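Student: Need coordinates for the following:
(one chain, ligands or ions: 1)
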Amino acid sequence: MTTPATNKLVLLPAVDVRDGQAVRLVKGASGSETSYGEPLAAALAWQQAGAEWIHLVDLDAAFGTGDNRAMLAEVTGRLDVKVELSGGIRDDDSLRAALSTGCARVNLGTAALESPEWVAKVIAEYGDKIAVGLDVVGTTLRGRGWTSEGGDLYEALARLDAEGCARYVVTDVDKDGTLTGPNLQLLRNVCAATDRAVVASGGVSSLQDLRDIATLVPEGVEGAIVGKALYAQAFTLEEALAAVS
Ligand SMILES: O=C(O)c1ccccc1NCC(=O)[C@H](O)[C@H](O)COP(=O)(O)O
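Tutor: Okay, here's the model as predicted:
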């Protein structure tokens, strides 16, 4: 693995969109939404607070209950910071739409489980504009808005590494939206199995959680997505950025 130049952890505040609203779910369960208002207002607030990245998710597209494509394109276009677009990007049409927003990269989930040949093709074509979301319960992958099972984490990781995947967004579904802390052991295990960059997602509840994730930067963790903790005002983004700088 290439040693990162600094130990700085990149923070990606999450804006998850359902039915036109910024929401947070508990363990990704449809119906467990808490609403936090307009996605653009949330994203602009994180940008104003110093975010370099926004993790922007179309939950309807992920769940197959419609999409918020036009709204996410508008939000991405209004931001000056980099956007990682996620949720329901599964074919040429949805990938083209996502990339045409001007986002810095997209995150593929279900497609990596159900359409491995297509994913290998787009990794070869778009390089590090493609990240793959490895959303797991235990070591079993989840797709389709985390409702379907999709095989073994480490088998998928070996396959995607061989195909040249640059980056993985790793989520412990049982931690996501629960404010119970990240699964540090999962992150360590994934870093031990790949030399590609890892973005941690799910469960962050405190500044100490972020400092704990930052200790894994030398092992390959590059960033951390933070959702519920920011919306629940457990800390401010300014405090979070200071804690990991
Ligand atoms: O990212 C997706 O594509 C996705 C699909 C289906 C359900 C949830 C999805 N993402 C959730 C997130 O990205 C969360 O915002 C992120 O893990 C933050 O979690 P937390 O800090 O625990 O609120």
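Student: and Ala120, what does it touch?
Tutor: When the contact criterion is CB atoms under 8 Å, 6 or more residues apart in numbering, the partners of Ala120 are Glu163. Backbone N, C-alpha and C define where each C-beta goes, glycine included.
Student: so it sits in a strand?
Tutor: No: if the criterion is DSSP: H, G, I helix; E, B strand; the rest coil, then Ala120 is helix and not within a strand.
Student: give me the number of residues near the residue nearest to Glu239 when sequence neighbours are not counted?
Tutor: Nearest residue to Glu239, sequence neighbours excluded (CB to CB, 6 or more residues apart in numbering): Leu207, at 6.1 Å. Neighbour count for Leu207, taken as other CB atoms under 10 Å: 17.
Student: likewise Thr140?
Tutor: Residues near Thr140, counting by other CB under 10 Å, number 13.
Student: which residues does it bridge with?
Tutor: Counting by DSSP bridges, Thr140 is bridged to Val137, Asp152.
Student: confidence score at it?
Tutor: Thr140 carries a pLDDT value of 95.
Student: Then Ala29?
Tutor: 84.
Student: next one: phi and psi at it?
Tutor: Backbone geometry at Ala29, expressed as degrees, to the nearest 10, gives phi -80, psi 120.
Student: How about the contacts made by it?
Tutor: Contacts of Ala29 (CB under 8 Å, 6+ apart): none.
Student: How about this protein: which residue is closest to the ligand?
Tutor: The ligand sits closest to Gly227 of the chain, with a gap of 2.7 Å, by CB to the nearest ligand atom.
Student: Give me the spatial nearest neighbour of that residue, chain neighbours excluded.
Tutor: Using CB to CB, 6+ apart, the closest residue to Gly227 is Ala14 (3.7 Å).
Student: How about the lowest-mean-pLDDT helix or strand in the chain and the ligand, touching?
Tutor: When the helices and strands of the chain are scored by mean pLDDT, DSSP states H and E, strand 148-152 comes last with a mean of 87. No: Strand 148-152 lies out of reach of the ligand by CB under 6 Å from any ligand atom, never closer than 11.3 Å.
Student: So what touches the helix or strand following that strand?
Tutor: Heading C-terminal from strand 148-152, the first helix or strand you meet, by DSSP states H and E, is helix 153-163. Outside helix 153-163, the residues that touch it by CB under 8 Å, 6+ apart are 112-113, 116, 119-120, 123-124, 132, 134, 136, 139-141, 150, 168, 190, 193-196.
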